[in-house]
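Chemist: Provided below for reference: sequence and predicted model.
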Amino acid sequence: MTSKQIDILVIGGGAAGLTLSVLLGQAGLSVHVVDPAPPKPLKDTPASGRTVALMNDSMNIIKAAGVWEALAERSAPLQTMRIIDISRPVHDPVRLEFPASDLGFEQFGYNIPGGYLRAALYEAAQAQENITIHKAALESYVVEDGRVSARLDNGTDVEARLIVGADGRASKVRETAGIGTAKREYDQSAITCLINHSHAHENVSTEFHKQDGPLAIVPLPGNQSSVVWVETRARAEELMGLKPSDFESALQEKMQDLLGGLTLETPPESWPLCCIKSKALIAPRTALIAETAHVMSPITAQGLNLSLRDVAALAETLVDGARLGLDIGSAGVLNRYAKRRRLDIETRVFGVDSINRAVSSHSKTLKTARRAGLKFLEKVAPAKYLAMQTGLTPHMDQGRLAKGDAL
Ligand SMILES: Cc1cc2nc3c(=O)[nH]c(=O)nc-3n(C[C@H](O)[C@H](O)[C@H](O)COP(=O)(O)OP(=O)(O)OC[C@H]3O[C@@H](n4cnc5c(N)ncnc54)[C@H](O)[C@@H]3O)c2cc1C
């Protein structure tokens with residue numbers, strides 16, 4: 001079955017691909033989204049152990065897609081960021097707190113369950129008359145005669161002016177476009193779960209810096225939090241093998257009883273960690289966004305935040321091009337997108353990789369330097385203010401959607 005030529009074919013209906021599709025559909029462009037594994041309706045979506053902490057500029061992009069109302073009650077504000085360094089003996093932890101109010105914000109952002117976010121975006125895409133959704137996988141595509149001709153694995157053919165790769169880390173689009181990657185495997189896995197705890201979290205997100213990687217406890221509504229616990233792959237496997245009550249004891253001990261007694265709300269899940277960066281963001285009539293272009297350690301919670309800035313930049317570039325009557329799949333339009341995103345992606349991927357290696361390092365010199373840095377920030381207010389501004393409020397590539405303006 002062949003459809004008439006459409007504007008944009010988005011491969012991958014994860015959070016990034018769906019946000020882009022909804023924004024472009026709202027702006028009047030014709031979009032087809034392809035994903036073999038669509039989510040359940042939001043009302044039937046079970047709680048899962050993975051959440052995303054989205055900063056205020058990302059929240060503006062999510063709000064522009066019209067899904068915040070459905071998510072607000074299921075999410076918690078991040079009002080204070082706390083770091084506790086326990087890489088040295090526990091009697092000498094370094095503690096640092098960054099309240100959002102010090103920067104004049106009510107909160108840095110929100111912690112949103114990832115499954116709910118995707119389900120809400122999927123429903124918003126279904127409600128858009130400019131969007132067609134295919135439950136299928138991309139099989140192949142070619143670029144010829146000024147258009148993209150794609151074949152899906154259910155036999156459907158789609159012709160478009162542009163194809164967007166939002167199909168994640170093992171991207172078929174990236175491979176077909178011949179775009180290579182640079183990859184670093186970490187000897188680390190992140191264990192995620194939701195926990196119930198006896199003490200209130202007071203909307204404080206806590207990151208423990210420990211020997212083999214960080215442990216983050218991020219607030220959710222009520223006395224519930226999400227956990228991202230990074231360990232070496234071998235230790236993570238051991239923890240995953242524990243019975244639930246032993247896992248709860250191990251976690252409570254690692255958290256130094258920070259939130260009192262705890263029980264698991266969802267079973268622990270384990271994610272092997274790596275860093276991947278694609279060598280280009282564009283190819284003829286092809287653009288890459290999100291994890292198709294960059295995968296990072298979850299430390300500092302930057303992954304989807306960076307991806308949503310790709311989404312906003314591509315949406316703004318394509319909509320501006322269409323308003324000017326340009327061919328939205330042309331090299332001129334795509335170059336504008338790639339040029340706009342280059343510095344933000346390069347610096348974030350490099351920065352997160354460096355932080356991950358410093359925080360997880362066994363080197364005594366690095367550990368001492370890190371603790372000295374945190375102690376310095378603890379005492380020197382202007383330095384702390386600067387660290388908060390650079391670490392928690394991205395300045396780079398704040399387009400109109402991230403600022404809260406219309407597309
Ligand atoms: C433990 C952990 C914690 C994290 N915490 C945070 C956080 O707090 N804040 C934050 O900003 N980020 C966080 N991240 C990162 C964030 O979760 C990811 O960046 C984000 O989920 C990736 O979304 P995506 O849409 O790019 O990719 P995906 O969610 O991987 O979506 C890709 C989609 O493509 C589809 N697909 C694959 N192949 C094909 C094909 N051939 N044809 C069609 N479709 C295809 C798949 O079915 C999938 O639905 C975390 C990551 C981890 C591992």
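Modeler: Yep, it's here.

Chemist: mean confidence score for the helix or strand containing residue 238?
Modeler: Assigned by DSSP states H and E, residue 238 belongs to helix 233-240. Mean pLDDT, computed over helix 233-240, is 97.

Chemist: stretch 83-93 now?
Modeler: Mean per-residue pLDDT for stretch 83-93: 75.

Chemist: now swap in stretch 153-161 and tell me
Modeler: 97.

Chemist: mind exporting it as CSV, just the C-alpha atoms?
Modeler: Below are the C-alpha coordinates for stretch 153-161, written out as CSV (Å, rounded to 0.1, in the frame of the first residue of the first chain):
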residue,chain,number,x,y,z
ASP,A,153,7.7,-4.3,7.9
ASN,A,154,3.9,-4.7,7.4
GLY,A,155,4.3,-4.0,3.7
THR,A,156,3.2,-0.3,3.8
ASP,A,157,5.2,2.2,1.7
VAL,A,158,5.4,5.8,2.7
GLU,A,159,6.8,8.7,0.7
ALA,A,160,7.9,11.8,2.6
ARG,A,161,10.0,15.0,2.2
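
Chemist: and it, which residues are buried?
Modeler: For stretch 153-161, burial by neighbour count (16 or more other C-beta atoms under 10 Å) applies to 156, 158-161. Glycine gets a C-beta too; all of them are placed from N, C-alpha and C.

Chemist: same question for stretch 106-124.
Modeler: Neighbour-count burial for stretch 106-124 flags 107-124 (criterion: 16+ other C-beta under 10 Å).

Chemist: okay, how far is it across stretch 56-76, tip to tip?
Modeler: End-to-end distance of stretch 56-76: 13 Å, with C-alpha to C-alpha, to the nearest Å as the criterion.

Chemist: find the closest residue to the ligand in the stretch 201-350 of the chain.
Modeler: residue 303 (2.7 Å; C-beta to the nearest ligand atom).

Chemist: phi, psi for the residue of the stretch 51-200 of the chain found nearest the ligand please.
Modeler: Ranked by C-beta to the nearest ligand atom, the top residue of the stretch 51-200 of the chain for proximity to the ligand is residue 168, at 3.2 Å. Dihedral angles phi and psi of residue 168 (degrees, to the nearest 10) take the values phi 80, psi -170.

Chemist: ok, and the closest non-adjacent residue to it?
Modeler: In space, and not counting its chain neighbours, residue 168 is closest to residue 291: 5.0 Å by C-beta to C-beta, 6 or more residues apart in numbering.

Chemist: also residue 224?
Modeler: residue 196 (5.5 Å).

Chemist: tell me who's in contact with that neighbour.
Modeler: Taking C-beta atoms under 8 Å, 6 or more residues apart in numbering, we find residue 196 in contact with 223-224, 262-263, 265.

Chemist: tell me the one of those residues nearest residue 345?
Modeler: Distance to residue 345 across the contacts of residue 196 (C-beta to C-beta) is lowest for residue 224, with 33.1 Å.
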